[in-house]
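Asker: Mind folding the following:
(one chain, ligands or ions: 2)
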Amino acid sequence: MDMDAFYAAIEVRDNPSLRGKPVIIGSPPDQRGVVSTASYEARKFGVHSAMPSRTAGKLCPNGIFLPVRMGHYLAESEKIMRIVESFSPMIETVSVDEAFVDVSGILRRYGSAVNVAMKLKERIRADTGLTASVGVAPNKFLAKLGSDLNKPDGLTVVPEDPDAIAKFLAPLAVTRIWGVGKVTAEALRKNGITTIGDVQARGVEGLEKAFGPALARHVHELAFGRDERAVVTKYDEKSISSEHTFLEDCSDRDVIWQTMVEQVEHVGWRLRRSGKLARVSQLKIRFDDFQTLTRQETFEAPTSGDRNLIASARQILGKLKVTKPVRLVGFGVSDFAGADAAGNRQEFLFAELDPSRHAVRDTRLDQTMDRLREKFGSDAIHRASRLTKDETRSRPKK
Ligand code: TTP
Ligand code: MG
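Answerer: Residues are numbered from 1 along each chain as shown. Ligands and ions are numbered 1, 2, ... in the order given. As a prediction, this is how the structure comes out:
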């Protein structure tokens, strides 16, 4: 399930005079910054997420630019996820507007997965006034792909039989394969591969020469719609992680580190919200050729504090040899200890026994930042260390 033009759709619902108009959510067109999303009317002009707002302003001069109201969208997201959860607790939320639901346990009650999808869409529309697009499929890759194919307000049923799946996928662009971005697609095109059908015809060996074994196997499996990943619900969450794929592979060490800190802060926030302490941290780097390095480290004591998490990430990253352009950075924590109140109190106590580590101040800083994030969204506040040099320079002097 994936909501349609999510932020824009909420603004249009709240202000019906915007209906049918090109609405663009993000920075204004005369300022630095990007588009978060755009209504389908604005997309006709070529406007899309992550595009510089200046470009969007040129493409769509009559676009109605509105600022991001993150807190509002997050509240809406929670409402929607509660609706999804009321169908089945087997849900995995992927982002603010996207979730996987394993419906195998509720098939008997609803008769079929398609019926679940129809009922779910109806409920979301009735309770929120917003539309969702849904893909019904035997696995996560195909369900996500299906949810994307008939947007907005779509319902796509992907076949279940392996041969029918292969036929269904064949005419689609290779970029529909999860993990195949612009750069990979360009490399594939040079090898005469533009559709998923071309990948199917090539076989793993044919792909290996161009991409190395890891990527080739991944692309080949997905080209036939094979995906064994389970729906991971919050009940079996044994780790918390966050990763970022660069739009273009990145060789700038500062940018790589800043992006890593952003992931660490996001993980720290979710860790503290879950009321857990972690014993182990893990760092992940994927290079342009899909080679992936992961390294773990055990904390001196279980922790949920940003300073400890960042220090650990810095230490691990220092040991890794980053010699090639980086495609993805990720950070995660696992091996959880202690429950909410007890755990946090323990860390506080520990902090007060050891003021030399500025631990009391750190804990208060984390708590204050978390409160701001709860009010204004997860991107409301970040450490200055993550600002790029460029951004630091462009801040107005007070
Ligand atoms: P998406 O589901 O990718 O986009 P969408 O819901 O706006 O449109 P679609 O109908 O194609 O699903 O992302 C959900 C929200 O996340 C989106 O409304 C705004 C936000 N977002 C960003 O802020 N920046 C981005 O680069 C992307 C992709 C999304
Ligand atoms: Mg969406």
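Asker: what about the single nearest residue of the stretch 151-300 of the chain relative to ligand 1, how many residues close to it?
Answerer: For the stretch 151-300 of the chain and ligand 1, the shortest gap (C-beta to the nearest ligand atom) falls at Lys151, measuring 4.9 Å. Every C-beta, even on glycine, is put in place using the N, C-alpha and C of the backbone. When counting by other C-beta atoms under 10 Å, one arrives at 16 neighbours for Lys151.
Asker: Thought Val134 was touching it, still the case?
Answerer: No - judged on C-beta atoms under 8 Å, Lys151 makes no contact with Val134 at a distance of 10.2 Å.
Asker: Quick check: residues of the stretch 101-250 of the chain near ligand 2?
Answerer: Remark: no part of the stretch 101-250 of the chain is in contact with ligand 2, using C-beta under 5 Å from the ion.
Asker: still on that earlier bit, what touches both of Lys151 and Val134?
Answerer: Asp2 (C-beta atoms under 8 Å, 6 or more residues apart in numbering).
Asker: And the residue of the stretch 151-300 of the chain closest to ligand 1, how far from Asp14?
Answerer: For Lys151, the distance to Asp14 equals 21 Å [C-beta to C-beta, to the nearest Å].
Asker: for Leu155, same thing?
Answerer: Separation of Leu155 from Asp14 (C-beta to C-beta) stands at 25 Å.
Asker: isn't there a strand covering Ala99?
Answerer: Yes - according to DSSP: H, G, I helix; E, B strand; the rest coil, Ala99 belongs to a strand.
Asker: So what sits opposite it in the bridge?
Answerer: Thr93 (DSSP bridges).
Asker: Show the contacting residues for it.
Answerer: Neighbouring residues of Ala99 by C-beta under 8 Å, 6+ apart: 1, 81, 84, 91-93.
Asker: and the spatially closest residue to Val158 that is not a sequence neighbour, how far is that from ligand 2?
Answerer: Leaving aside its chain neighbours, Val158 sits nearest to Ala137 (3.8 Å; criterion: C-beta to C-beta, 6 or more residues apart in numbering). Remark: distance between Ala137 and ligand 2 (C-beta to the ion, to the nearest Å) = 17 Å.
Asker: Where does pLDDT dip in the stretch 151-300 of the chain?
Answerer: Along the stretch 151-300 of the chain, segments meeting pLDDT under 70 span 210, 235-236.
Asker: Enumerate the residues of it near ligand 1.
Answerer: Applying C-beta under 6 Å from any ligand atom, we find that the stretch 151-300 of the chain lies next to ligand 1 at 151-152.
Asker: list the contacts for the residue of the stretch 151-300 of the chain found nearest ligand 2?
Answerer: Residue nearest to ligand 2 within the stretch 151-300 of the chain: Lys151 (7.8 Å; C-beta to the ion). Lys151 makes contact with 2, 4, 133, according to C-beta under 8 Å, 6+ apart.
Asker: and the residue lying closest to the second one once chain neighbours are set aside, which of the three is it?
Answerer: This means Asp4. Distance criterion C-beta to C-beta, 6+ apart; nearest residue to Asp4, sequence neighbours excluded, is Pro152 at 3.6 Å. Recorded secondary structure, Pro152: coil (three-state DSSP).
Asker: Could you report the neighbour count for Pro152?
Answerer: Look at Pro152: counted by other C-beta under 10 Å, it has 14 neighbours.
Asker: now Val96
Answerer: Val96 has 19 neighbours, counted by other C-beta under 10 Å.
Asker: wait, doesn't it sit right on Tyr73?
Answerer: Yes - here Val96 reaches Tyr73: they are 6.3 Å apart, a contact under C-beta under 8 Å.
Asker: overlap in contacts of the two?
Answerer: In contact with both Val96 and Tyr73: Phe6, using C-beta under 8 Å, 6+ apart.
Asker: circling back: among the contacts of Ala99, which one has the most neighbours?
Answerer: Counting neighbours by other C-beta under 10 Å, Met1 comes out on top of those with 26 neighbours.
Asker: Name the residues of stretch 91-108 that come out as buried.
Answerer: Neighbour-count burial for stretch 91-108 flags 91-93, 96-103, 106 (criterion: 16 or more other C-beta atoms under 10 Å).
Asker: what does stretch 152-172 give?
Answerer: Neighbour-count burial for stretch 152-172 [16+ other C-beta under 10 Å]: 154-156, 158-159, 165-166, 168-170.
Asker: can I get these in a markdown table with distance to Phe141 and secondary structure?
Answerer: Listed next are these as a markdown table, based on distance: C-beta to C-beta, whole Å; DSSP: H, G, I helix; E, B strand; the rest coil:
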| residue | distance to Phe141 | secondary structure |
| --- | --- | --- |
| Gly154 | 17 | coil |
| Leu155 | 18 | strand |
| Thr156 | 13 | strand |
| Val158 | 10 | coil |
| Pro159 | 14 | coil |
| Ile165 | 10 | helix |
| Ala166 | 13 | helix |
| Phe168 | 12 | helix |
| Leu169 | 10 | helix |
| Ala170 | 15 | coil |
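Asker: from those residues, which is closest to Arg226?
Answerer: Relative to Arg226, the closest of the buried residues of stretch 152-172 is Ile165; by C-beta to C-beta it sits at 8.5 Å.
Asker: quick one: contacts for that closest one?
Answerer: By C-beta under 8 Å, 6+ apart, the residues touching Ile165 are 138, 142, 158-159, 224-225.
Asker: how does it look with 10 Å?
Answerer: Ile165 is in contact with 137-139, 142, 158-159, 224-226, counting by C-beta atoms under 10 Å, 6 or more residues apart in numbering.
Asker: next one: Ser27
Answerer: Ser27 makes contacts with 33-36, 52-54, 56-57, 65, 67-68, as judged by C-beta under 10 Å, 6+ apart.
Asker: try it again with 7 Å
Answerer: Neighbouring residues of Ser27 by C-beta atoms under 7 Å, 6 or more residues apart in numbering: 33-34, 53.
Asker: Now that we have those, can you turn them into TSV and tack on secondary structure and neighbour count?
Answerer: Compiled in TSV, the contacts of Ser27 are given as follows (DSSP: H, G, I helix; E, B strand; the rest coil; neighbours: other C-beta atoms under 10 Å):
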residue	secondary structure	neighbour count
Gly33	coil	13
Val34	strand	14
Ser53	helix	22
